[in-house]
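Peer 1: 3D model of this:
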Amino acid sequence: MKKKALVSAVLAATIMGTASVSLAAENMFSDVPLDHWAYDAVAKLAEDGIIEGYGDTGFGGDKAITRYEMAQLVAKAQANMENARSVDKAAIEKLQKEFDSELKGEVQDLRKDVDELKGRMGWYGDARVRYYLNKKMNGVSGSGGGRTSQFEERVRLGFWSQIDDNLTVDGRLKLENTVDEDDGWGQARQNLNQYASGDSSRRNQGKFGVDRISLVWNKDNTKYRIGRNEVSLGQGLLWWENPIDGVDVEHKFNDKVTAKVGYGDTAAGGWYNSNLWTVYGDVKVQTSPATTVTLSALHNTTNLHRVDVNNGGNAWYQKIPVNGYKMNQIALGVNTQLTPKWNLIVEGVTNNVDKMQGDTHDINKNGFWTRLTYGNLVWDKANTWHVYGEYFALGNASMDSVGWGHRMNIQGGNASFANWDSNADKDTWGAGTRGFGIGIGYQLARNTNLELTYYMLKPYDKAAAGFDKYQNVGCAALSYSF
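Peer 2: Modelled structure (predicted):
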């Protein structure tokens with residue numbers, strides 16, 4: 001590019017508004033002889049600030065300029081167009097045309113590099129504020145309290161990077177707070193700071209940690225994942241968009257059939273007080289363009305441990321395996337788009353488990369959930385909406401209402417760690433639930449959602465539970481994603 005750049009420099013100097021340049025009393029560049037044929041052009045370009053030398057005194061006349069330097073030269077010439085003579089303007093236009101293709105090519109290459117980099121890494125996240133009424137379903141008829149209410153705050157920030165054509169890493173951090181909590185027993189509006197009190201059950205300094213960190217190898221219709229993976233099974237009764245520490249493999253056999261199997265610790269979400277190793281699997285079959293049928297399974301291979309708080313009056317705690325607390329679930333579900341605006345989800349579940357310590361009557365292992373939705377809520381489109389109605393009949397042992405790894409807006413029953421006591425005289429699985437609810441979702445703006453839900457519920461077996469109904473459950477949530 002030496003010759004072309006030098007010719008261009010002479011052209012640019014010619015069009016800067018003077019036909020000649022008076023030689024400076026002292027040569028401004030030590031390596032440009034006064035009698036060089038291009039001296040006037042170089043002096044004029046330097047005088048007008050269009051070019052600079054290298055170092056303190058050198059011009060580097062034999063050095064090839066870069067395309068970036070050429071672009072700067074042309075740009076400065078164009079900036080002085082209005083002060084140039086008509087003949088000089090024609091020269092500037094000629095100069096621009098001469099280098100137009102090269103300059104465009106440089107910009108295009110740079111844009112391509114940026115686009116490729118953007119296509120291989122990125123950031124994402126979401127934020128949510130919600131209010132829950134009777135979330136843990138401890139408020140029941142005939143009791144003096146127990147209906148909790150609380151505000152919850154959550155922020156998640158994730159990143160992903162495509163390390164190789166087939167290898168991707170996906171990670172996410174999560175911060176959760178529970179604030180303005182009322183436990184339903186007169187301990188109203190407590191925000192105890194976990195750093196200032198031994199009681200961290202009600203605090204405004206919430207949990208912070210790794211929500212997801214997954215290494216994914218995807219090749220030939222098979223996806224291998226290792227790490228803290230976000231897992232969904234079936235229609236959502238067993239597990240839905242929650243973390244499991246472990247490994248899984250997913251294979252797409254064809255356009256209609258996909259299968260997944262994995263092994264990991266379902267305590268990754270922080271809801272349990274010990275590891276709970278689990279085998280899980282999922283098969284999805286697209287029976288028609290509008291309908292998907294799912295068969296899923298989740299089986300705990302280890303007992304969940306609990307803390308025995310009645311250890312003979314001793315002041316220390318002891319972890320004791322809870323006999324039978326092993327989810328051994330199988331679920332069959334269907335999701336079908338009945339019409340462009342009507343959608344139906346139905347899923348049934350059974351849990352092949354034994355009684356646990358303290359159980360005084362038979363446990364109910366079966367259940368189902370159904371949701372009928374009307375509308376077309378589109379997450380990235382403002383003013384879209386849907387409404388839905390739900391019905392539940394969930395036996396107390398049919399699903400995990402302690403960890404709440406499922407998809408529903410209710411816990412699914414009033415089971416909790418507080419009930420797991422070797423001297424308990426009530427069912428340690430809780431009372432299950434029957435009933436119905438409604439929900440409304442509305443996109444206030446792009447990626448900004450308001451959802452309201454309300455449920456009227458009773459225990460699965462009123463005679464065994466000893467009460468007629470739960471106090472109503474409600475939730476209002478405002479969510480935003482980016």
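Peer 1: Which segments of the chain make up each domain?
Peer 2: By the assignment in automatic domain parsing, the chain contains the domains 2-116, 121-481.
Peer 1: Quickly, which of those bottoms out on average pLDDT?
Peer 2: Averaging pLDDT over each of the domains of the chain singles out domain 2-116 as the lowest, with a mean of 59.
Peer 1: any idea how far residue 351 is from residue 248?
Peer 2: Computed as Cβ to Cβ, to the nearest Å, the residue 248 to residue 351 distance reads 21 Å. Every residue, glycine included, has its C-beta placed from N, CA and C.
Peer 1: name the helices or strands packed onto the helix or strand residue 131 falls within?
Peer 2: If you go by DSSP states H and E, residue 131 is part of strand 121-133. Based on contacts counted as 3 or more Cβ pairs under 8 Å, 6 or more residues apart in numbering; DSSP states H and E, the elements that strand 121-133 packs against are strand 149-162, strand 473-481.
Peer 1: in the sheet, who's paired with the closest residue to residue 249 other than its chain neighbours?
Peer 2: Counting by Cβ to Cβ, 6 or more residues apart in numbering, residue 249 lies nearest to residue 224, which is 5.5 Å off, once chain neighbours are set aside. When assigned by DSSP bridges, residue 224 has beta-bridge partners residue 217, residue 249.
Peer 1: contacting residues for residue 224?
Peer 2: Contacts for residue 224 were tallied using Cβ atoms under 8 Å, 6 or more residues apart in numbering; they are 216-218, 247-249.
Peer 1: Out of these, which comes closest to residue 255?
Peer 2: Proximity to residue 255 was ranked across the contacts of residue 224 by Cβ to Cβ; first place goes to residue 218, at 17.0 Å.
Peer 1: can you count the residues close to the closest one?
Peer 2: Neighbouring residues of residue 218 were enumerated by other Cβ atoms under 10 Å; the total is 15.
Peer 1: where's it relative to residue 258, distance?
Peer 2: The spacing between residue 218 and residue 258, counted by Cβ to Cβ, is 13 Å.
Peer 1: swap in residue 354?
Peer 2: 33 Å.
Peer 1: before we move on, what about residue 122?
Peer 2: Using Cβ to Cβ, which is the criterion applied here, residue 122 is 25 Å from residue 258.
Peer 1: for the helices and strands packed on strand 121-133, which one sits closest to residue 230?
Peer 2: The stretch from the helices and strands packed on strand 121-133 with the least distance to residue 230 (Cβ to Cβ) is strand 149-162; that distance is 10.0 Å.
Peer 1: got JSON lines for the contacts of residue 224, with distance to residue 436 too?
Peer 2: Rendered in JSON lines, the data for the contacts of residue 224 read as follows (distance: Cβ to Cβ, whole Å):
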{"residue": "216", "distance to residue 436": "39"}
{"residue": "217", "distance to residue 436": "44"}
{"residue": "218", "distance to residue 436": "41"}
{"residue": "247", "distance to residue 436": "39"}
{"residue": "248", "distance to residue 436": "34"}
{"residue": "249", "distance to residue 436": "38"}
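Peer 1: just to revisit the earlier point, quick one, the strand holding residue 131 and strand 149-162 angle?
Peer 2: Interaxial angle, strand 121-133 versus strand 149-162 (axes from the mean of the first three to the mean of the last three Cα atoms, to 10 degrees): 170 degrees.
Peer 1: contacting residues for the closest residue to residue 352 other than its chain neighbours?
Peer 2: Spatial nearest neighbour of residue 352, chain neighbours left out: residue 328 (4.5 Å); criterion: Cβ to Cβ, 6+ apart. For residue 328, the set of contacting residues under the criterion of Cβ under 8 Å, 6+ apart consists of 298-300, 351-353.
Peer 1: And for residue 230?
Peer 2: With contact set as Cβ under 8 Å, 6+ apart, residue 230 has these partners: 212, 214, 241-243.
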